[in-house]
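> starting from these lines, generate the structure:
(4 chains)
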Number of protein chains: 2
Amino acid sequence: MGRNRATLADVARRAGLSKTAASMVLNGREGTRLSAEAHQRVFAAAEELGYRPNLAARSLRTRKTATIAFVSDIVATTRFAGDLIRGALDAARERDHVLLITETQGDATFEQYAIEAVLDRQVDGVIYAAMATRRLTVPPAILGGPVVLLNATSPDGLPSVVPDDEGAGRSVATALLELGHRDAIALIGRNRLKEDDPEVSLAARARLHGIRQTLDEAEVGLLAECFCTEWLPEHGYAAMRSLLGKPKRPSAIICMNDRLAFGAYQALGEAGLTVPEDISVISFDDDPIAAWLRPSLATTALPHEQMGRRAVELLLDGGAAEPSLVPMPLRRRRSLAPPAG
Amino acid sequence: MGRNRATLADVARRAGLSKTAASMVLNGREGTRLSAEAHQRVFAAAEELGYRPNLAARSLRTRKTATIAFVSDIVATTRFAGDLIRGALDAARERDHVLLITETQGDATFEQYAIEAVLDRQVDGVIYAAMATRRLTVPPAILGGPVVLLNATSPDGLPSVVPDDEGAGRSVATALLELGHRDAIALIGRNRLKEDDPEVSLAARARLHGIRQTLDEAEVGLLAECFCTEWLPEHGYAAMRSLLGKPKRPSAIICMNDRLAFGAYQALGEAGLTVPEDISVISFDDDPIAAWLRPSLATTALPHEQMGRRAVELLLDGGAAEPSLVPMPLRRRRSLAPPAG
DNA sequence: AGTGGTCGCTAAACTGATTTAGCAGAGCAT
DNA sequence: ATGCTCTGCTAAATCAGTTTAGCGACCACT
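Alright, predicted model coming up:
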């Protein structure tokens, strides 16, 4: 790769100056007393040779690589990973940095390997990302330098970036209250494991808390709460069917994520009910399917791109120690209407 | 990052030997005449100090970084990018390599920047990936070293990895023929732009060709072909409605991708028709929604993980010059049945 | 005439590895 | 005693940059 690249020595020679002079000019060092003419000659020589510094050589001396590691547990499983990475990539580019990406697959051996691999390459910092918002303990090896947790928090109080799931819970509940829904709101997606173990999920608890708090303030109670072992369409489908089997039909459904909502839609369709005329549906995540559903699904968006961006900013520009909460915007779509009758 | 790392000099000192000796021992060089005892001492010292070589320093000398660049047009837009990356990551790890990921967003300036950024970091090779299978011309800057095109081909005959869309077309058509569908198969998702411009898509043409070829061999013609300006659910929905408005109802539908199929499902549901009893549906991509639909959707899977893996293998291990076609496995699911009546 | 300061620039050290060239000592033959 | 080979190891060069320390020329001032 890059076989015949011109070196700084080549530039200096062509400019008739020393490497020192060339280096200083190209780095725009202040306080040097090199003549305007020397500047010209160096710039011209660099231009003519298409000179680009060898960053491996530079970083050997400066101990900076302009490279940051993005270590995540799982890259592919969820389609959100892409957005996280894209945001980070964007912010990194703006700061002339580049991302070294590795995946641990939740496996301790791989994690060890991944971390050594990036540290060996002298990265300037590490973004340690989780694909589901959760609490975790970071491997001690990366504590030797700057670290930012992305979509995760840690007991060590490291800088971290997480979505504001509680705020999203409030938005969702508020949206329904504003439409006039009161005593016939049902919730799909309760899950003890997710709610009680912060190492599994922080989102479930926060969303639930936001919803409850808002409803409580309005003195409204939930009509029903369905527990689901997972947050997949089939569970939403089953939950919705069980709700429809009960005497009082809900006027609105809150689903803990869009996949559950997708399943709920399927059950509603089979039952011959129309969204939103018969039942409103609202949920969380803003998965692409939310916009594809008929009618389109109102939801609160996980701001993954924002988060990835924020993580890089925190890492390189420094910033607040307390977890950085990124708001989850409400996407008002066609699945919402005032209660029937 | 990594402030107090032991250097080779530290190891040598502790072992009471020269840097040369330490280097040779640690690299397992053959033909050196260092004593068994010297080996022991070096290994012990390295172990005790937790020595890890500084790869920036090493690559300055060896011109190898054990790092490969993954340059893609768009990382986030499609959820397939993750799988491509994951496969590449996996294969890279097996070869002790690491991935530097950049995104061009289809913008020439960004692309220029991305390529310079990775070349400056002396990567050993470049994987140039496109998110939609298509033909493209690679920027000349990266031709100085090993390159593999991923999900793309180029006129220059560079090594490349693409899915076998034509084979997928044959699988899809064969699956329907085997079930007994003959003269009532309709196709949703014809698109001149995608079919005729290889720089937009190679998949559309290849899929269509595979389908036609198989049907022709069985002397079966398509009942109808619907053109769609895009391959999104809403277009599948519209196409399906138009098909249902015609006198002869199809017994099976082939959709050019799963999102179209999703839209088709919605139209079928509204029309009170059941899949697969009334109409079978089969498609391409194996998007996650395919498994979530009710009934689950038969489709041919884009083998993105395999492809990412293959690209790394081709880059590092060398291999065939002609495009490497990765098979698209057929996922037989509930949306298929023999024609009614 | 000597001293001090500024200007414009460079030699050489340094970063941490790999690699080439070669040295000291032992053993053996002549 | 000399020359030769083999063994076991090391000094120094090298990669391509950055950085420190300082040199010679010129000018001004006493």
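
> show the pLDDT at the residue most central in space within chain A.
Nearest to the mean C-alpha position of chain A, by C-alpha atoms, centre = their mean, lies residue A:304 at 3.3 Å. If you check residue A:304, the pLDDT there is 93.

> list the buried residues of whichever strand or helix holds residue A:211.
Per DSSP states H and E, residue A:211 falls inside helix A:203-217. By neighbour count on 16 or more other C-beta atoms under 10 Å in any protein chain shown, the buried set for helix A:203-217 is A:203, A:204, A:205, A:206, A:207, A:208, A:210, A:211, A:212, A:214, A:215. In this view, the C-beta of every residue, glycine as well, is placed from N, C-alpha and C.

> between the residues you listed, which is closest to DNA strand D?
residue A:203 (44.0 Å; C-beta to the nearest atom of the strand).

> can you read off the pLDDT for the closest one?
At residue A:203, pLDDT is 96.

> these two touch, right, it and residue A:194?
Yes: between residue A:203 and residue A:194 there is a contact under C-beta atoms under 8 Å: 7.4 Å.

> if we can go back for a sec, packing partners for the following helix or strand past the helix holding residue A:211?
Sequence-wise, the next helix or strand downstream of helix A:203-217 (DSSP H and E) is strand A:224-227. Under the contact criterion of 3 or more C-beta pairs under 8 Å, 6 or more residues apart in numbering or on different chains; DSSP states H and E, strand A:224-227 touches strand A:185-190, helix A:233-244.

> return the most buried member of the ones you listed.
strand A:185-190 (a mean of 24; mean count of other C-beta atoms under 10 Å in any protein chain shown).

> and the contacts of that strand?
If you take C-beta atoms under 8 Å, 6 or more residues apart in numbering or on different chains as the criterion, strand A:185-190 is touched by A:173, A:176, A:204, A:208, A:211, A:215, A:220, A:222-228, A:231, A:235-236, A:239-240, A:243, A:250-257, A:260-261, A:264.

> quick one: it to helix A:233-244, angle?
Angle, strand A:185-190 to helix A:233-244, by axes from the mean of the first three to the mean of the last three C-alpha atoms, to 10 degrees: 140 degrees.

> before we move on, the earlier item: redo the helices and strands packed on strand A:224-227 as JSON lines? Include mean pLDDT and distance to residue B:110.
Shown next, in JSON lines, are those (pLDDT from 0 to 100; distance: least, C-beta to C-beta, whole Å):
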{"stretch": "strand A:185-190", "mean pLDDT": "98", "distance to residue B:110": "39"}
{"stretch": "helix A:233-244", "mean pLDDT": "97", "distance to residue B:110": "37"}
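
> any regions of the stretch 101-250 of chain A where pLDDT drops low?
Applying pLDDT under 70 to the stretch 101-250 of chain A flags no residue at all.

> same thing but at 90, please
The model of the stretch 101-250 of chain A has pLDDT under 90 over residues A:105-106, A:131-132, A:144, A:156-157.

> and the residue of it closest to chain B?
With C-beta to the nearest C-beta, the shortest gap between the stretch 101-250 of chain A and chain B falls at residue A:145, namely 3.1 Å.

> so how many other residues sit close to that residue?
Residue A:145: 16 surrounding residues under other C-beta atoms under 10 Å in any protein chain shown.

> can you give me the distance of it to residue A:125?
For residue A:145, the distance to residue A:125 (C-beta to C-beta, to the nearest Å) stands at 6 Å.

> residue in the stretch 151-300 of chain A with the shortest distance to DNA strand D?
Using C-beta to the nearest atom of the strand, the closest approach of the stretch 151-300 of chain A to DNA strand D is made by residue A:159 at 26.4 Å.

> show me the contacts for that residue.
By C-beta under 8 Å, 6+ apart, the contact set of residue A:159 is A:147, A:148, A:149, A:314, A:315, A:319, A:320, A:321, A:324.

> show the contacting residues for the last one.
Taking C-beta under 8 Å, 6+ apart as the definition of contact, the neighbours of residue A:324 are A:159, A:160, A:161, A:162, A:310, A:314.

> let's see if you can find the most crowded of the residues you listed.
For the contacts of residue A:324, neighbours tallied by other C-beta under 10 Å; top is residue A:161, 30 neighbours.

> give me the contacts around whatever helix or strand it lives in.
Residue A:161 belongs to strand A:160-163 when assigned by DSSP H and E. Here strand A:160-163 makes contact (C-beta under 8 Å, 6+ apart) with A:133, A:148-154, A:202-203, A:302-303, A:307, A:310-311, A:314, A:323-326, A:328.

> now for the helix or strand that comes right after it, which elements pack on it?
Along the chain past strand A:160-163, the next helix or strand (assigned with DSSP H and E) turns out to be helix A:165-179. Helices and strands touching helix A:165-179, by 3+ C-beta pairs under 8 Å, 6+ apart, are helix A:203-217, strand A:252-255, strand A:280-285, strand A:298-301, strand A:330-331.

> if you set the cut-off to 10 Å instead, what comes out?
strand A:185-190, helix A:203-217, strand A:252-255, strand A:280-285, strand A:298-301, strand A:324-326, strand A:330-331 (3 or more C-beta pairs under 10 Å, 6 or more residues apart in numbering or on different chains; DSSP states H and E).

> chain center to it: distance?
Remark: helix A:165-179 is offset 21 Å from the chain centroid, using C-alpha atoms, centre = their mean, to the nearest Å.

> only C-alpha atoms, please: export that helix in PDB.
Coordinates of each C-alpha in helix A:165-179 appear next as PDB, following Å, rounded to 0.1, in the frame of the first residue of the first chain:
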ATOM      1  CA  ASP A 165     -35.700   6.600  28.100                       C
ATOM      2  CA  GLU A 166     -37.500   8.100  31.000                       C
ATOM      3  CA  GLY A 167     -38.200  11.200  29.100                       C
ATOM      4  CA  ALA A 168     -39.500   9.100  26.300                       C
ATOM      5  CA  GLY A 169     -41.800   7.300  28.700                       C
ATOM      6  CA  ARG A 170     -43.200  10.700  29.700                       C
ATOM      7  CA  SER A 171     -43.600  11.800  26.100                       C
ATOM      8  CA  VAL A 172     -45.500   8.700  25.200                       C
ATOM      9  CA  ALA A 173     -47.800   8.900  28.100                       C
ATOM     10  CA  THR A 174     -48.300  12.700  27.700                       C
ATOM     11  CA  ALA A 175     -49.200  12.200  24.000                       C
ATOM     12  CA  LEU A 176     -52.000   9.800  24.900                       C
ATOM     13  CA  LEU A 177     -53.300  12.000  27.700                       C
ATOM     14  CA  GLU A 178     -53.400  15.000  25.500                       C
ATOM     15  CA  LEU A 179     -55.600  13.000  23.100                       C
END
